[in-house]
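Undergrad: the following comprises the amino acid sequence and a computationally predicted model.
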Amino acid sequence: MATTKRNKLNSLYAHWAPGTPLTSGELVAQGISADLAVHYVRSGWLTRLMRGVYCRPNDTLALYPSLILLQRKFDGLHVGGKSALDWYGVRHYVSQKPVLHLYGWVAARLPG
């Protein structure tokens, strides 16, 4: 049984881009059940970010894959304002520290 679990973990890591968070639904599509995901978290092979969202241990999350995950979770979530203009190369003021402005159709609480 340990061989099957290790093969599932190796297959997951082979198809999982670094810095990308995965949902429990995506883990199930890879053949990893919720119980097995809990086992991986307790063993240190996965890190739980919030309920149903996981990342690789000691991995820094990438901005774009994280935004894509949030867009699937929250209706109408999008980057807007000065952040969107900055991404398109239009800058009104040069800021020292970029701030990401997110907007949505409904009010929602973002995860930490």
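TA: Happy to help now that I have it.

Undergrad: tell me the pLDDT at R6?
TA: We have a pLDDT of 66 for R6.

Undergrad: now D35
TA: 91.

Undergrad: for the residue nearest the centre of the chain, what are phi and psi?
TA: The centroid of the chain falls nearest to P21 when counting by C-alpha atoms, centre = their mean (2.7 Å). Backbone geometry at P21, expressed as degrees, to the nearest 10, gives phi -80, psi 150.

Undergrad: what's near enough to touch it?
TA: 49, 53-55, 61, 65-66, 69 (C-beta atoms under 8 Å, 6 or more residues apart in numbering). C-betas here are computed from N, CA, C, even on glycine.

Undergrad: just the buried ones from the residues you listed, in PyMOL syntax?
TA: Command for PyMOL that selects the buried part of the contacts of P21, burial taken from 16 or more other C-beta atoms under 10 Å:
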select buried, resi 49+53+54+55+65+66+69
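
Undergrad: would you turn the contacts of P21 into JSON lines with distance to G76, secondary structure and pLDDT?
TA: Below are those laid out as JSON lines (distance: C-beta to C-beta, whole Å; DSSP: H, G, I helix; E, B strand; the rest coil; pLDDT from 0 to 100):
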{"residue": "L49", "distance to G76": "22", "secondary structure": "strand", "pLDDT": "88"}
{"residue": "V53", "distance to G76": "20", "secondary structure": "strand", "pLDDT": "90"}
{"residue": "Y54", "distance to G76": "25", "secondary structure": "strand", "pLDDT": "91"}
{"residue": "C55", "distance to G76": "25", "secondary structure": "strand", "pLDDT": "91"}
{"residue": "L61", "distance to G76": "22", "secondary structure": "coil", "pLDDT": "88"}
{"residue": "P65", "distance to G76": "19", "secondary structure": "helix", "pLDDT": "89"}
{"residue": "S66", "distance to G76": "17", "secondary structure": "helix", "pLDDT": "86"}
{"residue": "L69", "distance to G76": "15", "secondary structure": "helix", "pLDDT": "86"}
